[in-house]
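**Q** I'd like to go over a predicted model; first the sequence, then the structure.
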Amino acid sequence: MKVHFHFLSPIGLRNRKKLKIFLESLSKKENTRLAEITYIFCSDAFLLNMNKQFLQHDFYTDIISFEISNDPLGKVAEIYISTDRVKENAKIFKTSITSELHRVIFHGILHICGYKDKTKDQKNIMSAKEDYYLSAYF
């Protein structure tokens, strides 16, 4: 498998093998070759520290994606997800933790596939892609 999950902060993530296969398929559909992608599930405090250290942002976020390398064998990336933000956002958006968790997981790999979310148009495209892959997965 090219996809790995590490848990510094617990959150229920079922059907991991199925999800890994789906993420590899998603990257192929998006014309992105993966060598290795690692998801690290962590706390707000952990991700806030990373946000300050690496991006000079002093605020909570649900996800930070780092593309480590992009060579002919494929991209190597790390995606950090705050389980605290996922749970909080699930409440705010009135959705399940499972759905919000998968939305953020797909959001992360879409960043690695080249999608951005800085402008309104980019956010709309990203959101549509997230919805598409959520529907395809569930």
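**A** Cool, got the structure. Residues are numbered from 1 along each chain as shown.

**Q** going forward, measure contacts and count neighbours with C-alpha atoms only.
**A** Noted.

**Q** following whichever strand or helix holds Glu100, which helix or strand comes up?
**A** Assigned by DSSP states H and E, Glu100 belongs to helix 97-112. As assigned by DSSP H and E, the chain's next helix or strand after helix 97-112 is helix 120-137.

**Q** and that next one, what other elements does it pack with?
**A** Helix 120-137 sits against helix 97-112, with contacts defined as 3 or more C-alpha pairs under 8 Å, 6 or more residues apart in numbering; DSSP states H and E.

**Q** please redo it, this time with the cut-off set to 10 Å
**A** When contacts are defined as 3 or more C-alpha pairs under 10 Å, 6 or more residues apart in numbering; DSSP states H and E, helix 120-137 sits against helix 16-29, helix 97-112.

**Q** who touches the shortest one?
**A** Identification of contacts with helix 16-29 by C-alpha atoms under 10 Å, 6 or more residues apart in numbering yields 1-5, 13, 31-37, 102, 105-106, 109-110, 112-113, 133, 136-137.

**Q** which of those count as buried?
**A** Taking 16 or more other C-alpha atoms under 10 Å as the criterion, what is buried in those is 3, 32-37, 102, 105-106, 109-110, 112-113, 133.
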